[in-house]
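Undergrad: here you go, sequence then predicted model.
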Amino acid sequence: MLKQIIKVLLIGLNIIIAFACGRAVTPQKSNPITIGNYDENLEVVRIKYENKIAVMPTENKGYKEKKTEQMYQFPQQINRKLEIALDSIASRNKNIKYVSGFRIQVYVGNEKKEMEEAKIYLFQNYPELNTYLSYSQPSYKLKVGDFISRLEAEKYYQNIKDRYSLAMIVNDKIEIKILQSK
């Protein structure tokens, strides 16, 4: 009796597994899915613009008869709203002075003399890079560069690492420099 119950359960389990592994029916475009009040057809909520045709009279210089030109007018209200939004974004962006970037940390230690030597080496070999010195008692930190991407920092990092083995690329806030056109 117990064996028969186990057989029936196994057969039932196999049937359930067989139906679970079957292909699901994918919806077709010809058969839109509707669930409750939801409908796949979104034409009802799309904004519809009418192409307004303005007739503009123009005079032909050689003749006194008037021609008409068709000029399409697009919704000016959307353009005004867009200009306002773009102006507000531009004004917010002008106020941003710092951005997340990368610097190469060249020296960290207590010796001021070693820090000064590293700073002189960087000024002589990499004059295009700015150096940043911070002092938190009792240690000095010397960082160099203003890099937006880590890839930019990697270009200088390999050369600096040859001289200063403890150098590393660190995340830091860097100042945005605006190029002024002449």
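TA: Yep, it's here.
Undergrad: Val108: neighbour count?
TA: Neighbour count for Val108, taken as other Cβ atoms under 10 Å: 15. Placement of C-beta: from N, CA and C, glycine included.
Undergrad: and it, backbone torsions?
TA: Taking degrees, to the nearest 10, you get phi -140, psi 120 for the backbone angles of Val108.
Undergrad: distance of the nearest residue to it once chain neighbours are set aside relative to Glu83?
TA: Counting by Cβ to Cβ, 6 or more residues apart in numbering, Lys141 is the residue found nearest to Val108 once chain neighbours are left out, at 5.2 Å. According to Cβ to Cβ, to the nearest Å, Lys141 stands 46 Å off from Glu83.
Undergrad: the two - which one has more neighbours?
TA: For Lys141 versus Glu83, neighbours defined as other Cβ under 10 Å are more numerous around Lys141 (16 against 10).
Undergrad: that one contacts Ile104, correct?
TA: No - here Lys141 lies out of contact with Ile104, judged by Cβ atoms under 8 Å, at a distance of 11.5 Å.
Undergrad: circling back: that's a strand at the residue nearest to Val108, yeah?
TA: Yes - counting by DSSP: H, G, I helix; E, B strand; the rest coil, Lys141 is located in a strand.
Undergrad: identify the bridge partners of it.
TA: Legend: beta-bridge partners of Lys141 under DSSP bridges are Val108, Ser134.
Undergrad: not counting sequence-adjacent ones, nearest residue to Glu114?
TA: Per Cβ to Cβ, 6+ apart, closest to Glu114 is Tyr107, 6.6 Å.
Undergrad: oh, that last question was meant for Val170, not what I typed.
TA: Val170 sits nearest to Gln105 (Cβ to Cβ, 6+ apart), 4.8 Å away.
Undergrad: that neighbour against Tyr164, yeah?
TA: No - using Cβ under 8 Å, Gln105 is not in contact with Tyr164; the gap is 9.4 Å.
Undergrad: who has more neighbours out of those two?
TA: Neighbour count, other Cβ under 10 Å: between Gln105 and Tyr164, Gln105 has more, with 20 against 17.
Undergrad: the helices in the chain, which residues?
TA: Along the chain, the stretches classed as helices by DSSP state H are 2-20, 76-94, 112-125, 150-163.
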